[in-house]
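Colleague: Got a predicted structure here, sequence first:
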Amino acid sequence: MNISKLLAASTAVVALSSQVTAEELKFANFTPPFHTINASVIEKLNTDLSAATNGSLTVRGYHGGELGSGPAEQYIRVLQGAADMAWGLPGYTSSQFGKTMIAELPGAIPEDMPGYQALWRAYADNLSQEFPGTKPLALWTSEPNIFIMRNKIIRSPQDLKGLKVRVAGATAAEVAKALGATPVQMPISQVYNGMQTGLIDGVITGASTLKDFKLDEVADALTLGAPLGRLAFFTVLNAQVYNNLSVEQRTALDNVSGEGLSQSAEDAWLETANKAMAEAKADSANTIVELSDDEKDAFIKAVSGVVKSYVKSVDGEDALAAMQGK
């Protein structure tokens, strides 16, 4: 759906609906309430915002796609006014988030650098135009991506040839192709079934999905250490809803969102990933491959051209430099 046309069509509807929902903001969550997003973003935002406004402004999570089930349509839900806010992945609509997606490239953000800081450094001058009609409340990244496979053990790029690997967006698709795999784009909520039925052989994503989406039940081989980048995420609020809040409410929302909320999300993703990885390593049914330096080099060489070509394709040199703090 064309974002600019939707913006024009939905402004009046949202202006009316926000008068009703301003005191309790509706947060659309396409995942179950046990997902990491709930405690780290939705409930935290509700607790902090309620405290800052003496209860005059709160947040309620609508889980499991109650306000619309399509993971790729969450941004649209906010523009339409079906939800006041939602979270999602830029990769699901990669063409809208060309420069934001740079954060997902291998090595674009060094592994020891917080992804949320990198995204916010680039936001004002480079990324803000990719979020029309909304106010981003949180921007963050996942733990480093790994290979999560079913019946396939990956130790080298050659092991990927002919395999169908799920990716979240355009950048990961380029990485998969460079490694010889066939990328399959699908929402993470469909990966469990895709792996179980053999539609895909595995997925490039973070270890947190082993628990958040129960991939530990269908995967039996994990490969760690390949340069596969990260995933990027957003939480956005409808801009008209934000503008219709009182000055005091807007100030309170500004104070409890931004980098602080983003760090809460990213830290939670890392914690979930670490716990999931510890459990995966303790399960004797799993094969865990931790690449040696020489094995890593083979993957690095295979994907070496992806970053430069993608950044050039989206005119993203300044965005990349900002993310890296240069």
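Modeller: Cool, the structure landed.
Colleague: Domain ranges for this protein, per the record?
Modeller: Annotated domains of the chain cover 3-142+231-271, 146-229+283-323 [automatic domain parsing].
Colleague: what's the closest of these to Met277?
Modeller: domain 146-229+283-323 (4.6 Å; C-beta to C-beta). Where C-beta positions appear, they are placed from N, C-alpha and C, glycine not excepted.
Colleague: start to end distance for the closest one?
Modeller: Using C-alpha to C-alpha, to the nearest Å, one end of domain 146-229+283-323 lies 22 Å from the other.
Colleague: follow-up on the earlier one: can you lay out the domains of the chain as a markdown table showing distance to Met277?
Modeller: Below are the domains of the chain laid out as a markdown table (distance: least, C-beta to C-beta, whole Å):
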| stretch | distance to Met277 |
| --- | --- |
| domain 3-142+231-271 | 10 |
| domain 146-229+283-323 | 5 |
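Colleague: TSV for those, including mean pLDDT?
Modeller: TSV is the format used below for the domains of the chain (pLDDT from 0 to 100):
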stretch	mean pLDDT
domain 3-142+231-271	92
domain 146-229+283-323	97
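Colleague: Is it possible to get TSV of those that adds mean neighbour count?
Modeller: Below are the domains of the chain laid out as TSV (neighbours: other C-beta atoms under 10 Å):
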stretch	mean neighbour count
domain 3-142+231-271	20
domain 146-229+283-323	19
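Colleague: Distance-wise, check Ile300 relative to Ala178.
Modeller: 11 Å (C-beta to C-beta, to the nearest Å).
Colleague: do the same with Leu237
Modeller: To Ala178, Leu237 is 36 Å away according to C-beta to C-beta.
Colleague: Ok, Asp283 next?
Modeller: Counting by C-beta to C-beta, the gap from Asp283 to Ala178 is 31 Å.
Colleague: With Phe147 instead?
Modeller: Taking C-beta to C-beta, one finds Phe147 at 14 Å from Ala178.
Colleague: which residues of this protein fall in strands?
Modeller: Using DSSP state E, the strands found in the chain span residues 24-28, 58-62, 85-88, 134-141, 146-149, 164-167, 182-185, 202-205, 221-224, 232-238, 287-290.
Colleague: Need the nearest residue in space to Val303, chain neighbours excluded.
Modeller: Once flanking residues are discounted, Val303 sits nearest to Ala178: 4.8 Å by C-beta to C-beta, 6 or more residues apart in numbering.
Colleague: so what's Asn29 closest to, chain neighbours aside?
Modeller: Nearest residue to Asn29 in three dimensions, chain neighbours excluded: His63, at 4.7 Å (C-beta to C-beta, 6+ apart).
Colleague: quick one on the thing from earlier: looking at the strands of the chain, which is closest to Trp269?
Modeller: Evaluated over the strands of the chain, closeness to Trp269 peaks at strand 134-141, with 7.2 Å, by C-beta to C-beta.
Colleague: Report all helices and strands that that closest one contacts.
Modeller: Using 3 or more C-beta pairs under 8 Å, 6 or more residues apart in numbering; DSSP states H and E as the contact test, the elements touching strand 134-141 are helix 74-80, helix 115-122, strand 232-238, helix 239-244, helix 259-282.
Colleague: how about 10 Å then?
Modeller: In terms of contacts (3 or more C-beta pairs under 10 Å, 6 or more residues apart in numbering; DSSP states H and E), strand 134-141 is packed against helix 44-52, helix 74-80, strand 85-88, helix 115-122, strand 232-238, helix 239-244, helix 247-256, helix 259-282.
Colleague: With distance to Met195 added, can I get the ones you listed in CSV?
Modeller: Formatted as CSV, these follow (distance: least, C-beta to C-beta, whole Å):
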stretch, distance to Met195
helix 44-52, 31
helix 74-80, 23
strand 85-88, 22
helix 115-122, 26
strand 232-238, 22
helix 239-244, 38
helix 247-256, 38
helix 259-282, 15
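Colleague: out of those, which comes closest to Asp315?
Modeller: Among those, the nearest to Asp315 by C-beta to C-beta is helix 115-122 (13.3 Å).
Colleague: so how far is the closest one from its chain's centroid?
Modeller: Distance of helix 115-122 from its chain centroid, counting by C-alpha atoms, centre = their mean, to the nearest Å, is 14 Å.
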